[in-house]
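Q: Sequence first, predicted coordinates after that:
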Amino acid sequence: MSTEPDTSALDTPVSEAATGAVDPRRVAQFREQRFGLFVHWGLYSLPARHEWVKNRERLTDAAYQPYFDHFDPDLYDPRVWAAEAAAAGMRYAVLTTKHHEGFALWDSALTDYRATNTPAGRDLVGPFVEAFRERGLGVGFYHSLIDWHHPDFPVDGVHPQRDLSDAEVGALNEGRDVGRYADYLHGQVEELLTRYGAVDTVWFDFSYEDGVHQFTRRWPGKGAAAWRSRELLALVRRLQPGVLVNDRLAIPGDFTTPEQYQPYGPMSLDGRPVLWEACQTINGSWGYDRDNLDAKPVDLLVRMLVDTVSKDGNLLLNVGPNARGELDPQALESLRGIGEWMRLHGRSIHGAGPSAFTAPTDVRYTQRGNRLYVHCFAWPFGHLHLPGLAGKVAYAQLLNDGSEIAREELGSGPGQNTRPGGVPPGTLSLLLPVRAPRVAVPVIELFLHDGAAPGSAEHTGPAPTDPSPESRGTPRA
Ligand code: GLC
């Protein structure tokens, strides 16, 4: 049986943003930001072999205890993380306050299984929030619904002890009360949302309801009933009125969360566009994974970011800091490589969104007002033909150095010798230099004539359509 987390069946409906039930200012901000940092950090950074290590290796609490006893991130300085994120062009960050292992990174009054009781000896969430806020970055909290340590969380198909005999699991589950666990879950969420000021995003993870998920083959799953999701969502909205909540509570959320894949196109539900955020790893693991050699090259990470924005999504790119609290050299190299590209091309990403023009093969468009950004995933020889753009472009330049790009309308007549022809009417052809600029993804910035754009980021996408107070689920600040 596969021990990999499989979230393929978790496409729960997302509707609050589409129906205008969430704060439209926060929705607009989210779509403007486009790029964020996901941080998976917990006890699993010590074994350094994936954040699911306790599950994969069927470790008992006793076998996992050494990681608690030796958690001593003496080099933890979230100001460094925030500086790296900002330099990479990221606009927000989401931290795992508690992952499935159950360990609280803050000084929770509801458990002893918390950072303050390890050699770390301090709250690790507060300094994170402060550091990212200081840099002007948004802050979100990931919080695991699943808990492999809490004594009231019944052993089930996602639990490390799932392969014990029925009798053994029965004995372990004796006296466990999922209702009490839900109280604890709600209580910890309340702590997190009342201690650290405004929180922009709450990122719950995850539900696996009966009949929907592979984890429920042998043991019952858990979802909206177990977590008391509606009550939990109401609590979150009451404590943090401006917040966006993801879609993993098994009830409608504000944005959907494709994980480790790039969606085919803009995401929708019942024909309505929905907010979405792709979460992606550098190397396939969320937690620090020392021996992992699968790091995606920088140009692929940049293409993923561009592809996401061209489809009206956000990208949440993950790092897994190590046990001493530092970003490893590979993560730094990846972030800095993206940052070098973002330094020159950030304006094709922030505040940009999909275009109503159709991009040719190997090109992704993003658009921001009357600027159309042509991202070249491959570099053709000589001409780049852009359908439907003839007569619509006032000026064109390479974005990396501001050098002019010449344009032609070649026409559909026959070509001869060095004169090209056979180009469909309405096509604008750009004349590219032979050598691509030395950047991960070359971008040509087109300045469209006024009124030439059939659509732009401001006019497409899932922004709430009806901002009247009575159309909103909860009063907003
Ligand atoms: C998954 C995994 C997890 C990771 C997360 C990120 O559901 O269980 O380890 O934190 O998704 O999206």
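A: Okay, I see it.
Q: buried stuff in stretch 27-44?
A: Within stretch 27-44, the residues scored as buried using 16 or more other CB atoms under 10 Å are 27, 29-31, 33-44. Just so you know, the C-beta spots here come from the backbone N, C-alpha and C atoms, and that holds for glycine as well.
Q: can you give me the helices in the protein?
A: 16-19, 24-33, 53-56, 61-69, 78-87, 125-134, 166-173, 178-195, 224-227, 229-239, 298-310, 329-345 (DSSP state H).
Q: Most tightly packed of these?
A: Neighbour counts (mean count of other CB atoms under 10 Å) averaged over each of those peak at helix 16-19, with a mean of 24.
Q: For residue 107, give its distance to residue 378.
A: Distance of residue 107 to residue 378, given as CB to CB, to the nearest Å: 52 Å.
Q: actually residue 146, not the one I typed
A: With distances taken as CB to CB, residue 146 is found 42 Å from residue 378.
Q: cool, residue 84 as well?
A: 30 Å.
Q: before we move on, what about residue 44?
A: Residue 44 is 39 Å from residue 378, by CB to CB.
Q: Repeat that for residue 45.
A: 38 Å.
Q: got the residues of the chain near the ligand?
A: 5, 7, 40, 51-52, 205-206, 259, 279, 286 (CB under 6 Å from any ligand atom).
Q: Quick one: buried ones out of those?
A: Buried among these by 16+ other CB under 10 Å: 5, 7, 40, 51-52, 205-206, 259, 279, 286.
Q: got those residues as a markdown table, with pLDDT columns?
A: Below are these laid out as a markdown table (pLDDT from 0 to 100):
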| residue | pLDDT |
| --- | --- |
| 5 | 35 |
| 7 | 34 |
| 40 | 98 |
| 51 | 98 |
| 52 | 98 |
| 205 | 98 |
| 206 | 96 |
| 259 | 96 |
| 279 | 98 |
| 286 | 98 |
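Q: Narrow those to those in strands?
A: Using DSSP state E, 205, 279 are the members of these that sit in strands.
Q: Redo the buried ones among the residues of the chain next to the ligand as JSON lines? Include distance to residue 347.
A: Output for these, formatted as JSON lines (distance: CB to CB, whole Å):
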{"residue": "5", "distance to residue 347": "36"}
{"residue": "7", "distance to residue 347": "33"}
{"residue": "40", "distance to residue 347": "30"}
{"residue": "51", "distance to residue 347": "35"}
{"residue": "52", "distance to residue 347": "38"}
{"residue": "205", "distance to residue 347": "33"}
{"residue": "206", "distance to residue 347": "35"}
{"residue": "259", "distance to residue 347": "28"}
{"residue": "279", "distance to residue 347": "24"}
{"residue": "286", "distance to residue 347": "30"}
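Q: quick one on the thing from earlier: closest to the ligand out of the buried residues of stretch 27-44?
A: Nearest to the ligand among the buried residues of stretch 27-44 is residue 40, at 5.9 Å by CB to the nearest ligand atom.
Q: that older thread, please say which of residue 107 and residue 378 ends up with more neighbours.
A: Per other CB atoms under 10 Å, whichever of residue 107 and residue 378 has more neighbours is residue 107, with 16 against 10.
Q: roughly how far apart are that one and residue 94?
A: Going from residue 107 to residue 94 by CB to CB gives 20 Å.
Q: One more: residue 283?
A: Applying CB to CB to residue 283 and residue 94 gives a distance of 18 Å.
Q: Between those two, point out the one with more neighbours.
A: For residue 283 versus residue 94, neighbours defined as other CB under 10 Å are more numerous around residue 94 (26 against 17).
Q: Just confirm the more buried one contacts residue 36, I think it does.
A: Yes. Between residue 94 and residue 36 a contact is recorded at 6.4 Å, counting by CB atoms under 8 Å.
Q: got any residues that touch both of the two?
A: The contact sets of residue 94 and residue 36 overlap at 140, 316 (CB atoms under 8 Å, 6 or more residues apart in numbering).
Q: quick one: low-confidence parts of this structure?
A: 1-20, 454-477 (pLDDT under 70).
Q: What are the structural domain limits within it?
A: Domain assignment for the chain by automatic domain parsing gives 24-350+462-471, 363-448.
Q: And these: which comes nearest residue 356?
A: Each of those has some distance to residue 356 by CB to CB; the shortest is domain 363-448, at 7.9 Å.
Q: tell me how far the ends of the closest one are from each other?
A: 18 Å (CA to CA, to the nearest Å).
Q: same deal with stretch 302-320?
A: 19 Å.
Q: quick one: the strands in the stretch 351-477 of the chain?
A: Secondary structure of the stretch 351-477 of the chain (DSSP state E, counting those that start in this stretch): strands at 363-368, 371-376, 383-386, 393-398, 406-408, 428-431, 443-448.
Q: can you list those in CSV and add mean neighbour count?
A: Listed next are these as CSV, based on neighbours: other CB atoms under 10 Å:
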stretch, mean neighbour count
strand 363-368, 24
strand 371-376, 24
strand 383-386, 20
strand 393-398, 16
strand 406-408, 14
strand 428-431, 19
strand 443-448, 21
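Q: mind checking which of these is nearest residue 344?
A: For residue 344, the closest of the strands of the stretch 351-477 of the chain is strand 443-448, at 8.3 Å, according to CB to CB.
Q: what angle sits between the closest one and helix 298-310?
A: 30 degrees (axes from the mean of the first three to the mean of the last three CA atoms, to 10 degrees).
Q: Direction included, what does strand 443-448 pair up with?
A: strand 371-376 (antiparallel), strand 393-398 (antiparallel) (DSSP bridges).
Q: Same list, those strands, but as CSV with distance to residue 411 please.
A: Output for the strands paired with strand 443-448, formatted as CSV (distance: least, CB to CB, whole Å):
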stretch, distance to residue 411
strand 371-376, 21
strand 393-398, 16
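Q: Okay then, goodbye and thanks.
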